[in-house]
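In: kindly generate the corresponding structure for this input.
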Amino acid sequence: MRAVVVGSGIVGLSTAYELLRAGHHVVVVSAEPIDSTTSFLAAAVWFPTAAGPTDRVAAWSVETFTHLARLAHEDVPGARMCESLAVYRDEPATPSWSAAVREFRRARPDELPPHYRFGFRFAVPLLEMPIFLPWLESQVGQAGAYRVRRTVRSLDELDDLAPDVIVNCAGLRAGSLADDAEVYPIRGQIVRITNPGISVSVRDEAHPLGRAYVHPRTHDCILGGSLETGAWDQTPDPQLTQSILRRCRDLVPQLTGAEVIETLVGLRPGRAEVRLEIAHTDSSSIPVIHNYGHGGSGITIAHGCAREVSALIETL
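Out: Take a look at the predicted model:
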């Protein structure tokens, strides 16, 4: 089939690549280059966040974990396995995602930050998106995809590309393309700092000042974060920046004194549940597969969702 994929973030490019692998002809349509996507800004550590439904997200997460772990093993640019630590002030239950990760165990007291009594150690994939996303885009191009730079206001505008099927992976814009009022922004602010020698990713999802995470990359660390539902403002908030720095220094005291490089804001595509299903536009017989609403889990479930899109196309 000739598939037109709308969107060039991690979901769109993952979908395009899977369709190419299945032997389809693919056109990728996007309004902006990949370095303008929310995916390009992402801290990009595998971890299910702000996405549903629970059972489907769990299945997509496992499939994506296996795929990303394989890419890390193959030394794909920007992909690696990262030792991780989730910390808690109160004794936690074993998290639902524990069976999906590698080397899951209770953290020893000497592995915990000051003032924390509980934690889990595990290993998950980490993607350095300024490296990985261009690699994925190049793979899509080398596999034969045709690229079109265009702002799409209606899926009917794609008729000139002669699609047999349209796949809507347009992130936050996907809602307006599908006339879906259930899509909303989830504002995320992160702080990028120099890496003082940190190699373990650390997170506290229940920090008193807000969720906190420290994700080390080769030459920097990504600190976060925020999940501000319904917020459209992409201007960095200086007070939130200071709060993020304070939270993350609680987790990793070695960050004190590290240089702040920049503060960035991205808008994740939120929805109560990921929409992944076949539909039709009002004025066309061309089938549409919607694949959007991944919240904060785009990196975590993109490959699993892409595989499901590929399977759905086989039913058309």
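In: name the residues that touch stretch 273-281?
Out: 51-53, 56-57, 155-156, 166, 174, 178, 180, 286-295, 301, 305, 308-309, 312, 315-316 (CB atoms under 8 Å, 6 or more residues apart in numbering). C-beta coordinates here come from the backbone N, C-alpha and C atoms, glycine included.
In: for residue 149, name its beta-bridge partners.
Out: Assessed by DSSP bridges, residue 149 has beta-bridge partners residue 30.
In: contact partners for it?
Out: 29, 30, 31, 33.
In: what distance do you get for it to residue 5?
Out: 14 Å (CB to CB, to the nearest Å).
In: quick one: find the helix or strand in the chain with the lowest mean pLDDT.
Out: strand 275-280 (a mean of 92; mean pLDDT, DSSP states H and E).
In: buried residues, that strand. List them.
Out: 275, 276 (16 or more other CB atoms under 10 Å).
In: cool, stretch 119-126 as well?
Out: 119, 120, 121, 122, 123, 124, 125, 126.
In: the fourth one contacts residue 106, correct?
Out: No - using CB atoms under 8 Å as the test, residue 122 is too far from residue 106 to be in contact (10.5 Å).
In: just to revisit the earlier point, redo the contacts of residue 149 as CSV? Include distance to residue 194, pLDDT and neighbour count.
Out: Output for those, formatted as CSV (distance: CB to CB, whole Å; pLDDT from 0 to 100; neighbours: other CB atoms under 10 Å):
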residue, distance to residue 194, pLDDT, neighbour count
29, 37, 98, 24
30, 32, 97, 25
31, 33, 94, 16
33, 26, 95, 12
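In: centre of the chain to stretch 136-154, how far?
Out: 19 Å (CA atoms, centre = their mean, to the nearest Å).
In: just the CA trace of that stretch, in CSV.
Out: Extracted in CSV, the C-alpha atoms of stretch 136-154 (Å, rounded to 0.1, in the frame of the first residue of the first chain):
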residue,chain,number,x,y,z
LEU,A,136,16.0,7.1,12.7
GLU,A,137,15.1,9.7,10.1
SER,A,138,18.1,8.6,8.0
GLN,A,139,17.0,5.0,8.3
VAL,A,140,13.5,5.9,7.1
GLY,A,141,15.0,7.8,4.2
GLN,A,142,17.4,5.0,3.2
ALA,A,143,14.5,2.5,3.3
GLY,A,144,12.8,4.6,0.6
ALA,A,145,10.4,7.0,2.3
TYR,A,146,9.5,10.2,0.4
ARG,A,147,9.4,13.3,2.5
VAL,A,148,7.0,16.2,2.1
ARG,A,149,7.3,19.4,4.2
ARG,A,150,3.7,20.7,4.6
THR,A,151,1.4,22.2,7.2
VAL,A,152,-1.7,19.9,7.2
ARG,A,153,-4.9,21.4,8.4
SER,A,154,-7.2,18.6,7.2
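In: returning to that earlier point: could you list which of the contacts of stretch 273-281 belong to helices?
Out: Those of the contacts of stretch 273-281 mapping onto helices are 56, 57, 174, 301, 305, 308, 309, 312, per DSSP state H.
In: count of neighbours near residue 211?
Out: By other CB atoms under 10 Å, the residues close to residue 211 number 18.
In: can you tell me how far the closest residue to residue 13 other than its chain neighbours sits from residue 64?
Out: Leaving aside its chain neighbours, residue 13 sits nearest to residue 136 (4.9 Å; criterion: CB to CB, 6 or more residues apart in numbering). In this view, residue 136 and residue 64 are 13 Å apart by CB to CB.
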